[in-house]
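Engineer: Take this sequence and fold it.
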Amino acid sequence: MSLSDQQSQNKKQQTCSQDGPLCEIESEGGASLRGKVELVSQGAGGSLIDAHGKPLTPPRDWEFLPAGDAGLTRKVTSQTKVWQVQARMGRRMISKGIWAPSVIIAAVRQEVEAQRATEGYQKKRAGDQQRRERKQAEYEGEFFQAVRDYLAFAPH
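Structural biologist: So this is what the prediction gives:
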């Protein structure tokens, strides 16, 4: 199996229909979230626009969850239908966040905060941080040596 095949298997598969904004997203485990993610874009003044250019108004009991906390967003998306707000940045489309029911966002936020407050989670995060710092220090040393060898400086 090639590297690109492995990368594509590890990433989520997303396909959208030609006639509408509903998407099918396949998670890593193969579970389909068909019809649960609707792609919308931002209009003037923060309004929402569907794939056909029609203005949308989120239901009253929904709230906006800004992008930035992947764990929280992933759990909310897996539990309910959401509207994913996308914006064009140059040639790319980036996610600004999701609209979802307030009740689900609050419940998932509480669940994630409880999990992150556990001692085991804190130990794992500390270990991960130390590992990243060690790898960065190794990389900096290797990079410095490679530049020095390439430029062939004579010791003074």
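Engineer: Quick check: buried residues in whichever strand or helix holds Glu133?
Structural biologist: Applying DSSP states H and E as the criterion places Glu133 in helix 119-151. Neighbour counts over helix 119-151 (16 or more other C-beta atoms under 10 Å) mark no residue as buried. C-beta coordinates here come from the backbone N, C-alpha and C atoms, glycine included.
Engineer: now that helix, how far from the centre of its chain.
Structural biologist: 24 Å (C-alpha atoms, centre = their mean, to the nearest Å).
Engineer: Where does pLDDT dip in the protein?
Structural biologist: 1-35, 153-156 (pLDDT under 70).
Engineer: In it, where's the longest strand?
Structural biologist: In the chain, with assignment by DSSP state E, the single longest strand is strand 92-101.
Engineer: can you list contacts of stretch 59-75?
Structural biologist: By C-beta atoms under 8 Å, 6 or more residues apart in numbering, the surrounding residues in contact with stretch 59-75 are 58, 76, 83, 85, 94-103, 105, 108-109, 111-112.
Engineer: could you redo the last one with a cut-off of 10 Å?
Structural biologist: With C-beta atoms under 10 Å, 6 or more residues apart in numbering as the test, stretch 59-75 has contacts from 12, 27, 46, 48, 58, 76-77, 80-86, 94-109, 111-113, 115-116.
Engineer: With just CA atoms, put it into PDB.
Structural biologist: Taking Å, rounded to 0.1, in the frame of the first residue of the first chain, the C-alpha atoms of stretch 59-75 are listed here in PDB:
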ATOM      1  CA  PRO A  59     -33.400  27.500  14.100                       C
ATOM      2  CA  ARG A  60     -33.900  29.400  17.300                       C
ATOM      3  CA  ASP A  61     -32.500  26.600  19.500                       C
ATOM      4  CA  TRP A  62     -29.200  26.400  17.600                       C
ATOM      5  CA  GLU A  63     -26.000  28.200  18.400                       C
ATOM      6  CA  PHE A  64     -22.700  28.800  16.500                       C
ATOM      7  CA  LEU A  65     -19.600  26.700  17.600                       C
ATOM      8  CA  PRO A  66     -16.500  28.400  16.200                       C
ATOM      9  CA  ALA A  67     -13.800  26.400  14.700                       C
ATOM     10  CA  GLY A  68     -10.800  25.700  16.900                       C
ATOM     11  CA  ASP A  69     -11.600  22.800  19.100                       C
ATOM     12  CA  ALA A  70     -11.500  19.700  16.900                       C
ATOM     13  CA  GLY A  71     -12.500  17.300  19.700                       C
ATOM     14  CA  LEU A  72     -15.600  19.200  20.600                       C
ATOM     15  CA  THR A  73     -16.600  19.800  17.000                       C
ATOM     16  CA  ARG A  74     -16.100  16.100  16.100                       C
ATOM     17  CA  LYS A  75     -18.300  14.900  19.000                       C
END
